[in-house]
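>>> Below are the sequence and a predicted model; questions follow.
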Amino acid sequence: MDIDTLSQLHFIFQEMQKKPDLKSALDSLFLSMRSSFVFDNVAVYLEDPQDKSLDVIYARAMGRGKTAEADAAWGEVIATEVIKTNRLIMREPGQPIKGMDRISQTYLLGIPLRINSKVRGTLLFVRFGGPAYSELHIHLASLQAFWSASLIEKKELQDARAELDSVQRQMRLQDDFVSTISHELRTPLGFIKGYSTSLLRPDTTWDEETQKEFLTIIDEEADRLTRLIEDMLESARLQSKTLQFKFAPIRLDALIRDVATRVNTHHPDLKIEYHLETLPSVHGDGVRLSQVFENLFSNAIKYAPNSKITISTKALEKSVLVSFADQGEGIPEDFLPFLFERFYRVPGERTVTGTGLGLYICKQIIMAHHGKIWVESELDIGTTFYIELPADPTP
């Protein structure tokens, strides 16, 4: 092999490695090699490890004849045979008849794809009207099969690594959740046990004001414990898709004001600014949507204390948009993609009580309404949550 050929192959290999995904890498490979190895269509078949069916993971028409999709479909027979026999297979037409359409003269070449030391696929080349595959062509096709298998193996390793990282992150979140939930359960239980035991002491008499103070604390901690358990149960029902929704036309601007009024009753110093447009109704569950906004208020009060909250609404072409902004410290950009994951809590916020379930519940509720929720944040400026819900198509 001369130096020019080696240089060309090295260049092709480097270009493939630069591509961001499997399809573009295979495009680069086959387009680069076509000057040395002519073909009309190419398809890559991969065997499903579970049911052994064949999937076409790549197909492209580069010359004469049918579309890549059609060729991929009728090439399945030879692809199956290649995998079954673990050998290269060529199919050539019989003696051409004068006047025969060249498209009817199909030259097929199927090469096994060996992935992780096992034949799991086929690289199929198609030529219409010839020429027949020479020994050099077969070597070039086999080289492309080797590279294709390497690219597929690389992608599978990347996918496996990403899945492993996701599982490990979820396990860490669950470990953190167990630790957090243990603390969150013990705290109200500790208050309830401590103050009830004090009230029941036979050797001490408490005046009426002190009794009322102790009972108020017990009542508040019992409510806190109830909310915690409800969040856990609701999170589980949302994850299993067993939570029931009662949909009806809702005026979102009125619902937001009702929630804000209730929140202001418990937090009279909270400043809320409204920029509410007249909105078309949405088809939703009023109780669940109220829960979403209550959670956003709760987060703002905990993580952006003494901050003004600005609520804006806007009617879009086929949906309504709500923004919920605070003027707190903001959230680092690296943490934003994980905010709506189950059990996730922003690192460094352990001084604020929470389970990491609230925003997960919010997202699941909005998704059940066929809507979207997302967040934007700037450090030292604040955080804004956006909710987009489809407008009710009925007047």
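In hand now; what should we look at?
>>> Which elements pack onto the helix or strand containing Q158?
For Q158, the element it lies in under DSSP states H and E is helix 135-199. When contacts are defined as 3 or more CB pairs under 8 Å, 6 or more residues apart in numbering; DSSP states H and E, helix 135-199 sits against helix 3-18, helix 22-33, strand 41-47, strand 106-115, strand 118-128, helix 208-239. (C-beta placed from N, C-alpha, C; glycine too.)
>>> rerun at 7 Å
Helices and strands touching helix 135-199, by 3 or more CB pairs under 7 Å, 6 or more residues apart in numbering; DSSP states H and E, are helix 22-33, strand 106-115, strand 118-128, helix 208-239.
>>> who does the helix or strand following the longest one touch, helix- and strand-wise?
Meaning helix 208-239. Taking DSSP H and E as the definition, the helix or strand that follows helix 208-239 towards the C-terminus is strand 248-250. Under the contact criterion of 3+ CB pairs under 7 Å, 6+ apart, strand 248-250 touches strand 282-284.
>>> Kindly recompute the last result at 8 Å.
Against strand 248-250 (3+ CB pairs under 8 Å, 6+ apart) you get strand 282-284, helix 286-303.
>>> Adding mean pLDDT and distance to K193, write the helices and strands packed on helix 135-199 out as TSV.
Below are these laid out as TSV (pLDDT from 0 to 100; distance: least, CB to CB, whole Å):
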stretch	mean pLDDT	distance to K193
helix 22-33	88	59
strand 106-115	91	60
strand 118-128	90	61
helix 208-239	83	9
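>>> Look at the closest residue to E333 other than its chain neighbours and report its pLDDT.
Excluding its sequence neighbours, the residue lying closest to E333 (CB to CB, 6 or more residues apart in numbering) is S377, at 7.4 Å. S377 carries a pLDDT value of 94.
>>> what helix or strand is S377 on?
strand 372-378.
>>> Could you tell me the angle between that strand and helix 286-303?
10 degrees (axes from the mean of the first three to the mean of the last three CA atoms, to 10 degrees).
>>> List the strands paired with strand 372-378, with their directions.
Strand pairing for strand 372-378, using DSSP bridges, gives strand 382-390 (antiparallel).
>>> residues of the strand it pairs with that come out buried?
G382, T383, T384, F385, I387, E388, L389, P390 (16 or more other CB atoms under 10 Å).
>>> same question, stretch 201-220
Buried residues in stretch 201-220 (16+ other CB under 10 Å): F214, I217, I218.
>>> Can you tell me the number of residues neighbouring R342?
R342 is flanked by 20 other residues according to other CB atoms under 10 Å.
>>> mind checking how far the residue nearest to it when sequence neighbours are not counted is from S298?
Excluding its sequence neighbours, the residue lying closest to R342 (CB to CB, 6+ apart) is Y360, at 4.4 Å. Distance, Y360 to S298, by CB to CB, to the nearest Å: 14 Å.
>>> More neighbours: the two, which one.
Just comparing Y360 and S298: by other CB under 10 Å the higher neighbour count belongs to Y360, 21 against 15.
>>> Now for that one: which residues touch it?
By CB atoms under 8 Å, 6 or more residues apart in numbering, the contact list for Y360 reads S235, L238, F340, E341, R342, F343, Y344.
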